[in-house]
Structure formats: C-alpha cells, structure tokens
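Chemist: Mind looking at a prediction? Sequence and model below.
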Amino acid sequence: MTAQVGEIYNLGQKITAPLDMPTVVQVVCELVQDSQAKPD
C-alpha cells in the first residue's frame, strides 16, 4: 500500500506543482486579455 500511496502522492505533486507557478497565471491572463480584445 505504501508504494501505491507514494506513486499517487508523486503524481499529485507533478499535477499541482505547475499550477502554482506564476507563469501559468500569466498565460491565463494573456488568454483572457486576447479573448476580450477580439470580440466574436
């Protein structure tokens, strides 16, 4: 069981780590600005 828990924990870190980076926030902000600047 401990091996499976460790694998799930590591996988969770790989998924959540990039989401905490400010670069992701910047990309999202740029996408929002682009969508607002280009009215459909």
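Modeler: Good, I have the coordinates.

Chemist: Tell me how far the strand or helix carrying residue 32 lies from the chain's centre.
Modeler: Secondary structure assigned from DSSP states H and E places residue 32 in helix 22-37. Here helix 22-37 is found 13 Å from its chain centre; the criterion is Cα atoms, centre = their mean, to the nearest Å.

Chemist: where does this structure dip in pLDDT?
Modeler: Scanning the chain for pLDDT under 70 picks out 1, 16-21, 38-40.

Chemist: neighbouring contacts of the biggest helix by length in the chain?
Modeler: The single longest helix within the chain, with elements called by DSSP state H, is helix 2-19. Applying Cβ atoms under 8 Å, 6 or more residues apart in numbering, the contact partners of helix 2-19 are residue 24. Where you see a C-beta, it was placed from the backbone N, CA and C, and this is true even at glycine.

Chemist: angle of that helix against helix 22-37?
Modeler: 50 degrees (axes from the mean of the first three to the mean of the last three Cα atoms, to 10 degrees).

Chemist: Distance of residue 26 relative to residue 13?
Modeler: 22 Å (Cβ to Cβ, to the nearest Å).

Chemist: Who are the contact partners of residue 25?
Modeler: Contacts of residue 25 (Cβ under 8 Å, 6+ apart): none.
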